[in-house]
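A.B. asks: Just need the structure, nothing else, for what follows:
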Amino acid sequence: MIVFMLSLLRSFSQVAVSVLSPFVNTKKLSAVAAKLYVNWTMLTTLVIRDLTLRSAASFGLSHLMRLLCDEYIFYTVEHIVSRESCDNLPSHSRNILPERQAKREEVNPSKKRKDEQ
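C.D. replies: Okay, here's the model as predicted:
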């Protein structure tokens, strides 16, 4: 069951990447990502609604899988959008971002010390 869920999540992630990849270096990326996530949520909501109306015995498991898939798709879409929006910043602005600065300090603590001296 776990192997099936992992393969299902990978295939959903690949679908999200394939939908967003044509818009990676455009200004439409955020809008397309938002529309993708809204459509994804609508589709999964319709499936859960149908399971509820039919009183499916597997509703609990299906609901948990829906929540997992929704979060994973949201993470994938958010990761693509944030990566591209950060890559489009000028190089001097990238250094100001706290996450990147903290990562850089964790990876190269010796570089930090040289810069401070």
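
A.B. asks: What is the burial count for T45?
C.D. replies: By the criterion of other Cβ atoms under 10 Å, T45 has 12 neighbours. In short, each C-beta sits where N, CA and C put it, glycine included.

A.B. asks: How about whichever strand or helix holds it, which residues are buried there?
C.D. replies: In the assignment (DSSP states H and E), T45 maps to helix 29-53. Applying a neighbour-count criterion of 16 or more other Cβ atoms under 10 Å, one finds L29, V32, A33, L36, Y37, W40, T44, I48, L51 buried in helix 29-53.

A.B. asks: Which helix in this structure has the most residues?
C.D. replies: helix 59-87 (DSSP state H).

A.B. asks: Next, S55: phi, psi?
C.D. replies: Dihedral angles of S55 (phi, psi; degrees, to the nearest 10) stand at phi 50, psi 50.

A.B. asks: One more: S58?
C.D. replies: phi -100, psi 20.

A.B. asks: re the thing from before, show me what the longest helix of the chain is packed against.
C.D. replies: In terms of contacts (3 or more Cβ pairs under 8 Å, 6 or more residues apart in numbering; DSSP states H and E), helix 59-87 is packed against helix 2-20, helix 29-53.
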